[in-house]
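A.B. asks: with the sequence up front, the predicted model follows.
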Amino acid sequence: MKIRYLIATLQIFIVGQTIATADVVEYIGDAENQITVVFLKGSPYEMGFIHGSLLKPQVRALYNSVLTAAAKYANLFILDAAYQQMEPFIPQAYKDEMQGLADGAGVDVITVHRMHAIPDVSEMDCTFFAAWGSATVDGNLYQIRALDYAKDLHLQEHPAIFVCEPDSGNRFVNIGWLGFIGVVSGMNYEGITVSEIGESFDKANQTMAGEPMPFVLRDVLQYGTGLDQAVNIIRTAKRTSSFLYCAGDAKIPEAKSFKTGASYFEVFSDSTGPNPFLRDVVYFSMGVSSSWNAKVFNYLNPRHGGISAETGVNLMRDLGTGDLHSVVYDPAHQKIWVANAGIDETDAFRRSFVEFDLTRADTVFAGYSVSSVHRKSDRIAKKYFLSQNYPNPFNPATQIDFQISAPSANSRTELSVFDLSGRKTATLAQGILTPGVYHYTWNGCDQSGQPVASGLYFYRLESGAFTQVRRMVLIR
């Protein structure tokens, strides 16, 4: 499946704003750029169970949409076969966490396994760079991760940031999607950052009998405290497919890039490797031999000495890379900026970057009790949720379900339908509603009762500070 601080000056960034909170689940960003932030702590099974139980409807919806879409590319038995080969090389802790996730979400663990097999049987054409020292505006490390991947898998409908404090290892941040515990983008609290790119140079030796890439990168974040450790974790991993990696360490500061395969390993500094050299910069884009490497060099070279977080955002936007999600790491200041593709498949790099401050974890974890989270999970999970319409696509009508909790005084709830231009097509529900589950049917007509044309439509639930948007397709 080939798919293809100066904080005061960063006017293009949206400052992360909590718009809803439920103890260990928060939402940052505005309605169109909302990201779920989940704080997880405890044993592997406990972290998985909390994840699944707090966000059960969302996790189940993501698995349904992703695996349904993935089946267009390959039979799901291919994912099953791949996981069976990977399974002996997956650390037991991650298996336990996947089992907890399955139990919490009420799904078969095979479904969770399939989800985690996808990255290693597909290719990702992505971009990364890391810059530090003489290359940056303040000497600190800045790194990007631009993920170009299958927007038609609908991962972007459930973007998430997981802040994890496992019983064993480092506290770290995993930037991905609900229902996925592996790492493709992330940073830990020791200042270690990771990025990756799918490759195919070592295809002849490719095997699924190894540790999946997302778990190798999770090893780096959960157990790596320095750059040398990060290098060693990747070097000694039983690897599967060909990947390019970047690992940075804000404490030194410095970064390395990697060219790896099942039977191949090479690590590069700023003065080694196949790309034109830039002092205190490592980079790759779209592959070892891609012409995109020259694009990145030509972009960064005139900006050398002034590279910042803003440079990372601008590079992704100007070059057009990072269509599924785009990330900028600023580990020295414990900040990240994340943009995700839109539900209309608008490229992530064209959308707003939402800021997340990693120091938020200090407050949350200070009062975190695994046992109390377990007790609250059912209540929290039932507060607010907008379901995927069914059927979808549909003709002539479809059902939309949602849940709301106790609203604040005079807090109104509205469920509306919009066309691609953003024009409101229909209002299905409006008013002050009591807590509960609601079921509404849209008959494909506008406010005047006239049938609307076939196409993509969006429906939005607003209730107090909560907002969620989903999409649906009408076929006449």
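C.D. replies: In hand now; what should we look at? In this text, all values refer to a predicted model and were calculated from it rather than measured experimentally.
A.B. asks: which ones are touching the residue lying closest to residue 340 once chain neighbours are set aside?
C.D. replies: Leaving aside its sequence neighbours, residue 340 sits nearest to residue 159 (CB to CB, 6 or more residues apart in numbering; 4.3 Å). C-beta here means a position set from N, CA and C on the backbone, and glycine is covered the same way. Residue 159 makes contact with 34-36, 176-178, 325, 338, 340, according to CB atoms under 8 Å, 6 or more residues apart in numbering.
A.B. asks: which element is the residue nearest the centre of the chain on?
C.D. replies: By CA atoms, centre = their mean, the chain has its centre lying nearest to residue 176, at 1.9 Å. If you go by DSSP states H and E, residue 176 is part of strand 172-177.
A.B. asks: partners of that strand, with directions?
C.D. replies: Its sheet considered, strand 172-177 pairs with strand 159-166 (antiparallel), strand 186-188 (antiparallel) by DSSP bridges.
A.B. asks: from the contacts of residue 159, which is closest to residue 107?
C.D. replies: residue 178 (12.3 Å; CB to CB).
A.B. asks: for residue 395, see how far away the residue lying closest to the closest one once chain neighbours are set aside is.
C.D. replies: The shortest distance from residue 178 to any non-neighbouring residue, by CB to CB, 6+ apart, is to residue 158 (4.3 Å). According to CB to CB, to the nearest Å, residue 158 and residue 395 sit 26 Å apart.
A.B. asks: how much space between the closest residue to residue 152 other than its chain neighbours and residue 118?
C.D. replies: Distances taken as CB to CB, 6+ apart place residue 69 nearest to residue 152, at 5.7 Å, with adjacent residues excluded. From residue 69 across to residue 118, the span is 10 Å (CB to CB).
A.B. asks: more neighbours: which of those two?
C.D. replies: Taking other CB atoms under 10 Å, residue 69 and residue 118 do not tie; residue 118 has more neighbours (25 against 15).
A.B. asks: if I look at the more buried one, how far off is residue 217?
C.D. replies: For residue 118 relative to residue 217 (CB to CB), the value is 15 Å.
A.B. asks: neighbouring contacts of stretch 58-78?
C.D. replies: Applying CB under 8 Å, 6+ apart, the set of residues contacting stretch 58-78 is 1, 36, 51-52, 79, 101, 105-107, 111-112, 114-115, 118, 121-122, 150, 152-155, 157-158, 177-179, 385, 387-388.
A.B. asks: mind exporting it as PDB, just the C-alpha atoms?
C.D. replies: The C-alpha coordinates for stretch 58-78 follow below in PDB (Å, rounded to 0.1, in the frame of the first residue of the first chain):
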ATOM      1  CA  GLN A  58     -14.200   6.300  19.300                       C
ATOM      2  CA  VAL A  59     -11.800   3.400  19.300                       C
ATOM      3  CA  ARG A  60     -14.400   1.100  17.900                       C
ATOM      4  CA  ALA A  61     -15.300   3.600  15.300                       C
ATOM      5  CA  LEU A  62     -11.700   4.000  14.200                       C
ATOM      6  CA  TYR A  63     -11.100   0.300  14.000                       C
ATOM      7  CA  ASN A  64     -14.200  -0.100  11.800                       C
ATOM      8  CA  SER A  65     -13.300   2.700   9.400                       C
ATOM      9  CA  VAL A  66      -9.600   2.000   9.100                       C
ATOM     10  CA  LEU A  67      -9.900  -1.800   8.700                       C
ATOM     11  CA  THR A  68     -12.800  -1.400   6.300                       C
ATOM     12  CA  ALA A  69     -10.700   1.000   4.200                       C
ATOM     13  CA  ALA A  70      -7.500  -1.200   4.500                       C
ATOM     14  CA  ALA A  71      -9.400  -4.100   3.100                       C
ATOM     15  CA  LYS A  72      -9.500  -2.200  -0.300                       C
ATOM     16  CA  TYR A  73      -5.700  -2.600  -0.500                       C
ATOM     17  CA  ALA A  74      -5.200  -6.100   0.900                       C
ATOM     18  CA  ASN A  75      -7.100  -9.000   2.400                       C
ATOM     19  CA  LEU A  76      -7.200  -8.700   6.200                       C
ATOM     20  CA  PHE A  77      -5.700 -12.200   6.400                       C
ATOM     21  CA  ILE A  78      -2.500 -10.600   5.200                       C
END
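A.B. asks: in the host helix or strand of residue 85, what's buried?
C.D. replies: Here residue 85 sits within helix 76-86, counting by DSSP H and E. Within helix 76-86, the residues that count as buried by 16 or more other CB atoms under 10 Å are 78-79, 82-83, 86.
A.B. asks: show me which of the residues you listed is closest to residue 357.
C.D. replies: Closest to residue 357, out of all of the buried residues of helix 76-86 and judged by CB to CB, is residue 86, at 34.9 Å.
A.B. asks: how near is the closest one to residue 214?
C.D. replies: Using CB to CB, which is the criterion applied here, residue 86 is 11 Å from residue 214.
A.B. asks: do the same with residue 361
C.D. replies: In terms of CB to CB, residue 361 sits 21 Å off from residue 214.
A.B. asks: which of the two has more neighbours?
C.D. replies: Neighbours were counted for residue 361 and for residue 214 using other CB under 10 Å; residue 214 has more, 24 against 21.
A.B. asks: settle it for me: which of residue 158 and residue 395 has more neighbours?
C.D. replies: residue 158 (22 against 12).
A.B. asks: give me the pLDDT value at that one.
C.D. replies: If you check residue 158, the pLDDT there is 93.
A.B. asks: show me what contacts it?
C.D. replies: 36, 58-59, 61-62, 177-179.
A.B. asks: filter those down to the buried ones and hand me the PyMOL line.
C.D. replies: Only the buried entries of the contacts of residue 158 go into this PyMOL selection, using 16+ other CB under 10 Å:
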select buried, resi 36+58+59+61+62+177+178+179
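A.B. asks: the contacts of residue 158 in helices, which ones?
C.D. replies: 58-59, 61-62 (DSSP state H).
A.B. asks: now, which of those sits nearest residue 91?
C.D. replies: The closest of those to residue 91 turns out to be residue 59 (CB to CB; 21.7 Å).
A.B. asks: and that closest one, how close does it get to residue 93?
C.D. replies: From residue 59 to residue 93 the distance is 20 Å (CB to CB).
A.B. asks: just residue 56 next, same as before
C.D. replies: 22 Å.
A.B. asks: what does residue 336 give?
C.D. replies: 24 Å.
A.B. asks: which one's more surrounded, the two?
C.D. replies: residue 336 (27 against 20).
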